[in-house]
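# Let's see this in three dimensions:
(one chain, ligands or ions: 2)
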Amino acid sequence: MSKSYQIAVIPGDGTGPEVIREALKVLHAVAPTESLHMECVHFDLGGERYLRTGEVLPPGTVEELTAFDAILLGAIGHPGVKPGILEKGLLLELRFQLDQYINLRPVILYPGVDTPLKDKGPDDVNFVIVRENTEGLYAGAGGFLRKGTPFEVAVQESVNTRMGVERCVRYAFDCCRRRNQKKKLTLCGKTNVLTYASDLWQRTFDEVAAEYPGIGTDYANVDAICMWMVKNPEWFDTIVTDNMFGDIITDLGAMIQGGMGIAAGGNINPAGVSMFEPIGGSAPKYTGKNIINPLAAIAAVQMMLDHMEEYDAAKRVEDGIRKVVAQDIKSLSAGAMGYSTSEVGDLVAKYVS
Ligand code: IPM
Ligand code: MN
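Ligands and ions are numbered 1, 2, ... in the order given. Coordinates of the predicted model:
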């Protein structure tokens, strides 16, 4: 029986449209093999639109997006737009308004991919980071006092609600159980200094842990986790953390799995519409050159299919990525792949169909 999905596509800025083109090529190649029909609707959002019309997230857009099965996002960020306008006004606004309270970032080193970690291989780097995606320092709480004067004060508060922390922690335990690997969930915080926020996280974590007797628990301070991710990445299975720490350690994670060329993430609302993206950003210096690596966007498609419970299609895409990195491309870096952006898309599309 054929199944139909409606996908909202936001190519966005910089190299976003180039990598999304390849991601959709792969999506449309894999869909018929599993009798899936993918209906994609493009949304013109991002820096160009903002510069043209002054609109970042026009009224009604979020409501429109909620009607889709998933969202595929290219990149947000434009050199001609002041930092923060698009990132906060579009990307964070979508995460918040769509209540995508999980930012899920797998850190997997595929065979054939170079990692900067000496003596570490695919068996050592295989974990997932569950980042809270709607609270913490990202909540936008705080403000200025006497701005622009010699006496100015800037306060930026980290907002941690019991509800927000608990739903994230629960998701992480479920995720760890589903992975069924080392069955270990590590909480990443800063209990030795942030004695309010990290205390709430630790207590919630311990309480929820009691409901998951099959999952071992562990704790690491965020600074130490940066150290261990480099020195002993094989210790990790699932890591759960707040928004800001998660932002930082997922970039570190991306590097040890081979770089931004392959790193993807999902902004997940388990009960709503989720959004999948390559995490590398808009890479203005590579824009329009057909040299950027599209694998991260293709990995975002894999995550999207997985999220929609199209496991066979997701597996085909994963196998296609594994094949292209093992057999074909020389490097994951833009301009050094030995193939163009569109050729890498063609190869994966061939492998999945
Ligand atoms: C990410 C990005 C965003 C974040 C920026 C672009 C706002 O770095 O998805 O990790 O900080 O969350
Ligand atoms: Mn980031």
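# can you map out the strands along the stretch 101-250 of the chain?
Along the stretch 101-250 of the chain, counting by DSSP state E, counting those that start in this stretch, strands occupy 102-108, 126-132, 136-145, 153-159, 184-189, 216-221, 238-241.
# can you put those in CSV and add mean neighbour count and distance to ligand 1?
Heads up, the C-betas are built off the backbone N, CA and C, glycines and all. Formatted as CSV, these follow (neighbours: other Cβ atoms under 10 Å; distance: least, Cβ to the nearest ligand atom, whole Å):
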stretch, mean neighbour count, distance to ligand 1
strand 102-108, 23, 7
strand 126-132, 24, 8
strand 136-145, 15, 7
strand 153-159, 13, 14
strand 184-189, 24, 15
strand 216-221, 16, 20
strand 238-241, 27, 13
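# Make JSON lines out of the ones you listed and add distance to residue 285 and mean pLDDT.
As requested, those are exported to JSON lines (distance: least, Cβ to Cβ, whole Å; pLDDT from 0 to 100):
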{"stretch": "strand 102-108", "distance to residue 285": "24", "mean pLDDT": "98"}
{"stretch": "strand 126-132", "distance to residue 285": "27", "mean pLDDT": "98"}
{"stretch": "strand 136-145", "distance to residue 285": "27", "mean pLDDT": "98"}
{"stretch": "strand 153-159", "distance to residue 285": "30", "mean pLDDT": "98"}
{"stretch": "strand 184-189", "distance to residue 285": "32", "mean pLDDT": "98"}
{"stretch": "strand 216-221", "distance to residue 285": "35", "mean pLDDT": "98"}
{"stretch": "strand 238-241", "distance to residue 285": "31", "mean pLDDT": "99"}
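# just wondering, since we're on the closest residue to residue 89 other than its chain neighbours, how far is it from ligand 1?
Counting by Cβ to Cβ, 6 or more residues apart in numbering, residue 89 lies nearest to residue 56, which is 3.8 Å off, once chain neighbours are set aside. Distance, residue 56 to ligand 1, using Cβ to the nearest ligand atom, to the nearest Å: 13 Å.
# I'd guessed residue 56 sits against residue 50; true?
Yes. At 5.5 Å, residue 56 counts as touching residue 50 under the criterion of Cβ atoms under 8 Å.
# for ligand 1, what are the nearby residues on the stretch 51-200 of the chain?
By Cβ under 6 Å from any ligand atom, the part of the stretch 51-200 of the chain that sits against ligand 1 consists of 87, 91, 92.
# Let's see that with 8 Å instead.
Within reach of ligand 1 by Cβ under 8 Å from any ligand atom, the stretch 51-200 of the chain has these residues: 76, 77, 87, 88, 91, 92, 95, 103, 133, 138.
# farthest pair in those?
The largest distance within these, taken as Cβ to Cβ, falls between 77 and 133 and amounts to 17.8 Å.
# higher neighbour count, those two?
When neighbours are counted by other Cβ atoms under 10 Å, residue 77 and residue 133 differ, and residue 133 comes out ahead with 27 against 21.
# Now do the same contact list for residue 302.
Residue 302 sits next to 264, 314, 317, 318, 321 when contact means Cβ atoms under 8 Å, 6 or more residues apart in numbering.
# Export those residues to JSON lines and append columns for pLDDT, neighbour count and distance to residue 272.
Shown next, in JSON lines, are the contacts of residue 302 (pLDDT from 0 to 100; neighbours: other Cβ atoms under 10 Å; distance: Cβ to Cβ, whole Å):
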{"residue": "264", "pLDDT": "98", "neighbour count": "26", "distance to residue 272": "20"}
{"residue": "314", "pLDDT": "98", "neighbour count": "20", "distance to residue 272": "20"}
{"residue": "317", "pLDDT": "98", "neighbour count": "28", "distance to residue 272": "23"}
{"residue": "318", "pLDDT": "98", "neighbour count": "19", "distance to residue 272": "25"}
{"residue": "321", "pLDDT": "98", "neighbour count": "27", "distance to residue 272": "27"}
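# Just those: which are in helices?
Among the contacts of residue 302, the members falling in helices (DSSP state H) are 314, 317, 318, 321.
# ok, the first one to residue 41 distance?
Okay, so that is residue 314. 21 Å (Cβ to Cβ, to the nearest Å).
# what about the residue nearest the centre of the chain, distance to ligand 1?
Most central in the chain under Cα atoms, centre = their mean is residue 265, positioned 1.9 Å from the mean C-alpha point. Distance of residue 265 to ligand 1, given as Cβ to the nearest ligand atom: 7 Å.
# right, and the strands of the stretch 101-250 of the chain - which one's nearest residue 287?
Minimum separation from residue 287 across the strands of the stretch 101-250 of the chain (Cβ to Cβ) falls at strand 102-108, 24.1 Å.
# Just want the angle from that closest one to strand 126-132.
On the basis of axes from the mean of the first three to the mean of the last three Cα atoms, to 10 degrees, strand 102-108 is oriented at 160 degrees to strand 126-132.
# who does strand 102-108 pair up with?
strand 126-132 (antiparallel), strand 264-268 (antiparallel) (DSSP bridges).
# Can I get the longest one in CSV, CA atoms only?
Right, the one you point to is strand 126-132. The C-alpha trace of strand 126-132 is given here as CSV (Å, rounded to 0.1, in the frame of the first residue of the first chain):
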residue,chain,number,x,y,z
ASN,A,126,28.8,6.0,18.3
PHE,A,127,26.5,8.0,20.6
VAL,A,128,23.7,10.4,20.6
ILE,A,129,23.2,13.8,22.3
VAL,A,130,19.8,14.8,23.5
ARG,A,131,19.8,18.5,23.8
GLU,A,132,16.9,20.4,25.4
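# Helix, strand or coil: sort out residue 327 for me.
Classification of residue 327 by DSSP: H, G, I helix; E, B strand; the rest coil places it in helix.
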